[in-house]
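J.: Sequence first, then the predicted structure:
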Amino acid sequence: MTDALIELSERLEAAAQELRAGHLEPETTLALIEECAKLASEASVEVEQRARAALEPLPDLPGQLPLPTA
């Protein structure tokens with residue numbers, strides 16, 4: 001995982017621990033759930049961008065010649 005994904009994962013885990021503790025007020029719980037949804041969305045975007053970048057072909061660099069086909 002990348003640094004951004006590790007950070008998002010850690011933030012989600014911390015939020016989940018707070019929710020599991022069960023000592024939050026309803027308004028605070030709702031805000032934390034919304035924060036979790038936002039973090040999950042950010043993680044999804046990050047993963048999608050990484051996957052897309054891994055699948056894209058490398059650009060042709062100046063001075064490179066094509067490999068001969070056999």
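T.: On my side now, so go ahead. Predicted model only: the values in this text are computed from it and were never measured. Numbering: from 1, shown residues only.

J.: any idea how far Ala54 is from the most centrally placed residue in the chain?
T.: Residue closest to the mean C-alpha point of the chain, counted by C-alpha atoms, centre = their mean, is Ala43 at 2.3 Å. Computed as C-beta to C-beta, to the nearest Å, the Ala43 to Ala54 distance reads 16 Å. For glycine as for every other residue, the C-beta is placed from the backbone atoms N, C-alpha and C.

J.: that older thread, mind checking how far the residue nearest to the centre of the chain is from Glu7?
T.: Using C-beta to C-beta, Ala43 is found at 10 Å from Glu7.

J.: Now the common contact residues for the two.
T.: Counting by C-beta atoms under 8 Å, 6 or more residues apart in numbering, Ala43 and Glu7 have no contacts in common.

J.: any low-confidence regions in this structure?
T.: Applying pLDDT under 70 to the chain flags the ranges 1-2, 64, 70.

J.: all helices of the protein, in order?
T.: Taking DSSP state H to define them, one finds helices in the chain at 3-21, 26-55.
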